[in-house]
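Chemist: Return atomic coordinates for the entry below.
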Amino acid sequence: MNKLVSTVAVSVLLATVTHAADPPVPADLRETALEVFKPLPSTIPAVKDNRITTEKIALGKALFFDPRVSASGVFSCNSCHNLATGGDDNLETSIGHGWQKGPRNAPTALNAVFNIAQFWDGRAEDLKAQAKGPVQAGVEMANTPDQVIAALKSMPQYVEWFKAAFPGEADPVTFDNFARAIEAFEATLITPAPFDAWLNGDDNAMTVEAKRGLSLFMDKGCAACHAGINVGGEGYYPFGLIEKPGAEVLPENDKGRFAVTNTADDSYVFRAAPLRNIVLTAPYFHSGKVWDLKQAVAIMGTAQLGEELKGKEVNLIVAFLDSLTGKVPDVTYPILPPETDVTPRPVSIIPTSK
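Modeler: Okay, the predicted model is just below:
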């Protein structure tokens with residue numbers, strides 16, 4: 001009997017010690033968090049110079065899934081930004097025209113409308129500009145604006161859809177309107193998460209571990225770069241602010257934003273990754289070299305904060321990151337317009353503009 005009592009006493013003591021070792025959840029955590037983050041809106045956000053309409057969204061969805069905008073007829077926007085797998089392709093770097101391997105990891109298309117700019121180096125100011133890039137990149141879709149428009153105009157259903165999406169225009173089937181339609185569709189790809197419900201007042205939307213992780217995330221300084229509505233995506237920062245990672249994580253031949261600005265201070269500077277749905281989008285970083293989220297968090301601790309995070313701290317931060325996993329909108333695969341005799345045929349050689 002005494003042995004049983006002793007065993008129970010030890011168990012209670014251990015439980016008490018373990019509980020005491022856990023960081024507390026601050027009483028003002030939500031108030032503090034709302035100074036740093038914003039919940040997702042309940043409606044489709046407006047975008048600059050592109051009024052969102054149901055007709056544009058429908059057209060943009062078709063274009064997003066249509067591989068015929070690529071020269072080979074193989075790759076669509078959804079190839080690298082697969083909406084079924086977190087809005088990316090879950091590859092180290094994407095595969096494009098002629099099975100070439102791209103230079104960087106594909107960012108997620110989910111919630112991308114909230115980023116300050118697009119691509120890891122911010123070279124596209126918005127989703128309209130971004131939509132034009134991969135289509136023309138030789139390592140991606142390897143097409144030309146002229147070829148894209150020729151293909152779309154060859155299919156009467158697309159012509160009708162463009163007229164409905166851009167009424168009153170004499171020639172609505174243009175490369176600019178192609179990009180505007182895709183932007184309109186991508187603006188709908190918003191994923192409300194438990195974190196948003198908690199920010200909006202639902203105390204039970206996040207686990208205790210996730211709340212502790214959020215508190216650590218802010219206290220450690222992670223939120224200095226990963227803040228705002230997208231928990232990142234709002235600014236540019238050097239990768240290796242305190243301690244530069246090795247070449248296996250930070251390839252020396254990719255200097256990030258330097259290629260855009262040609263400014264020495266922008267060497268190895270990248271847009272802070274938006275962290276919504278990060279649990280779904282391995283591998284991590286612009287190089288795509290890290291597959292484990294806990295390892296990625298630990299690397300950020302040493303590289304950006306100059307601190308070796310404890311295993312418990314990493315686990316709690318990952319618990320918070322898991323609360324950013326949201327509900328992807330239901331997207332029905334579109335039935336695309338049929339080709340005609342004048343639709344450009346797929347090619348394996350990269351075409352050139354006239």
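Chemist: State the distance from the residue nearest to residue 347 when sequence neighbours are not counted to residue 345.
Modeler: Beyond its immediate neighbours in the sequence, the residue positioned closest to residue 347 (Cβ to Cβ, 6 or more residues apart in numbering) is residue 71, lying 5.3 Å away. Backbone N, C-alpha and C define where each C-beta goes, glycine included. Between residue 71 and residue 345 the computed distance is 10 Å (Cβ to Cβ, to the nearest Å).
Chemist: pretty sure residue 126 is touching residue 48, no?
Modeler: Yes: in this structure, residue 126 is within contact of residue 48 by Cβ atoms under 8 Å, at 6.5 Å.
Chemist: Between the two, which is the more surrounded one?
Modeler: Between residue 126 and residue 48, residue 126 has the larger neighbour count (other Cβ atoms under 10 Å), namely 19 against 8.
Chemist: Between the two ends of stretch 181-200, what distance do you get?
Modeler: From its first residue to its last, stretch 181-200 covers 31 Å (Cα to Cα, to the nearest Å).
Chemist: What residues sit buried inside that stretch?
Modeler: 181-187, 189-199 (16 or more other Cβ atoms under 10 Å).
Chemist: Kindly report the same for stretch 267-285.
Modeler: Buried, per 16+ other Cβ under 10 Å, within stretch 267-285: 268-278, 280-285.
Chemist: try stretch 320-327
Modeler: For stretch 320-327, burial by neighbour count (16+ other Cβ under 10 Å) applies to 320, 321, 322, 323, 324, 325, 326.
Chemist: Secondary structure class of the first one, three-state.
Modeler: Secondary structure of residue 320, reduced to three states by DSSP: H, G, I helix; E, B strand; the rest coil: helix.
Chemist: how near is it to residue 230?
Modeler: When residue 320 is compared with residue 230 (using Cβ to Cβ), they lie 15 Å apart.
Chemist: Do a quick rundown of the helices in the stretch 101-250 of the chain.
Modeler: Using DSSP state H, counting those that start in this stretch, the helices of the stretch 101-250 of the chain run over 127-136, 145-153, 156-165, 175-186, 194-199, 208-219.
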